[in-house]
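Colleague: Sharing a model prediction with you, sequence too.
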Amino acid sequence: MNRNRLVIGLAIAVVIAFVLSTFVYRVFKQASIVRPVATTQHIVVAAAPLQLGTRLDGNNTKLVDWPSNLGVAGMLTRIEDVNNRALITPVAQNEPIMEAKLASQQSGAGLSATIPEGMRALSVSVNEVVGVAGFVIPGTMVDVLVTGAVPGGAGAGGTVTRTILENVRVLAAGQKIEQDRDGKPQTVPVITLLVNPEDASKLTMAANQGKLQLALRNTIDTKVVSPAPVMQATLFGGALPAPPVKHAGSSKAPPAPPPVYVIEVITGNKRENKSFPGSQP
């Protein structure tokens, strides 16, 4: 009996030892496996928030590690690739500097570097109302309306409000110093719009001959509506009373003129006819 118990105990011990040795072997084997280290590369990012037109250099950019297997088309890997090039769009801190966000080295810096070929940047003075209470900022899209007098004066309709430009991009929103009527300096908001040469002429004429108003629109709404102009007479005139209608049967014939009597008067050798009006019956 004791011998059987001893055999059973030895068998159980052997099984437990085998299981434990197998577990330890697997643990050491996994620990000995060298995991591959992910390779990285450097990319250029903004060291701080940068505005449109900023010229880049080593002071406002930096290099950060980026996984080599997650490359993005157009990303730049050296500070030398961005030196003396201007941003054509604002960027946030630590945002990668992409080739599509940079002007060419020959474009210089500032606002001029952000103007596409064939386009113009035109600034107009506005006020808080015209500037949509400060919501018109760089990158937003606006329509431009103008209110002015119709040639010919009030007889031609008085004044008219017309939409002259639609879906225009705002390049910059700043301020300039002008003098008021008393010669004192005052701060005037200025909006710079990106327009083609023809629209630049329209905008200049409207700013000098009428009153401008900007209408803020959704940046993804690019539909051209071409709304009809609004005349002052149409908006405020109201309907005129209709002239009275004359009915053929209700009108009375004018009274007949009184009869005229002709009498021949003889005075010596002279004869003449004299007319005398008669009385109504």
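Modeller: Sure thing, it's come through.

Colleague: all contacts plus neighbour counts: C-alpha atoms, from now on.
Modeller: Fine.

Colleague: so how far is the first residue of stretch 216-226 from its last?
Modeller: Start-to-end span of stretch 216-226 (C-alpha to C-alpha, to the nearest Å) is 15 Å.

Colleague: longest single strand anywhere in the chain?
Modeller: Secondary structure of the chain per DSSP state E: the longest strand is strand 159-179.

Colleague: And that strand, what does it pack against?
Modeller: Identification of packing neighbours for strand 159-179 by 3 or more C-alpha pairs under 8 Å, 6 or more residues apart in numbering; DSSP states H and E yields strand 141-149, strand 185-195, helix 197-209, strand 230-231, helix 232-236.

Colleague: That one: which residues count as buried?
Modeller: 159-173 (16 or more other C-alpha atoms under 10 Å).

Colleague: ditto for stretch 51-70
Modeller: So for stretch 51-70, counting by 16+ other C-alpha under 10 Å, buried means 51, 52, 53, 54, 55, 56, 57, 61, 62, 63.

Colleague: partners of the last one in the sheet?
Modeller: Looking back up the chat, that one is residue 63. Beta bridges link residue 63 to residue 44, judged by DSSP bridges.

Colleague: So it sits against residue 81, correct?
Modeller: No. In this structure, residue 63 is not within contact of residue 81 by C-alpha atoms under 8 Å, at 11.7 Å.

Colleague: With residue 17 as the reference, measure out to residue 24.
Modeller: 10 Å.

Colleague: and stretch 202-221, what's its mean pLDDT?
Modeller: Stretch 202-221 carries an average pLDDT of 88.

Colleague: Now do the buried residues in it.
Modeller: 203, 206, 207, 210, 212, 213, 214, 215, 216, 217.

Colleague: cool, and stretch 82-93?
Modeller: Buried residues in stretch 82-93 (16+ other C-alpha under 10 Å): 82, 84, 85, 86, 87, 88, 89, 91.

Colleague: Wait, a helix at the second one?
Modeller: No. The assignment for residue 84 (DSSP: H, G, I helix; E, B strand; the rest coil) gives coil, which keeps it out of a helix.

Colleague: which phi and psi does it have?
Modeller: The phi and psi values for residue 84, taken as degrees, to the nearest 10, are phi 60, psi 20.
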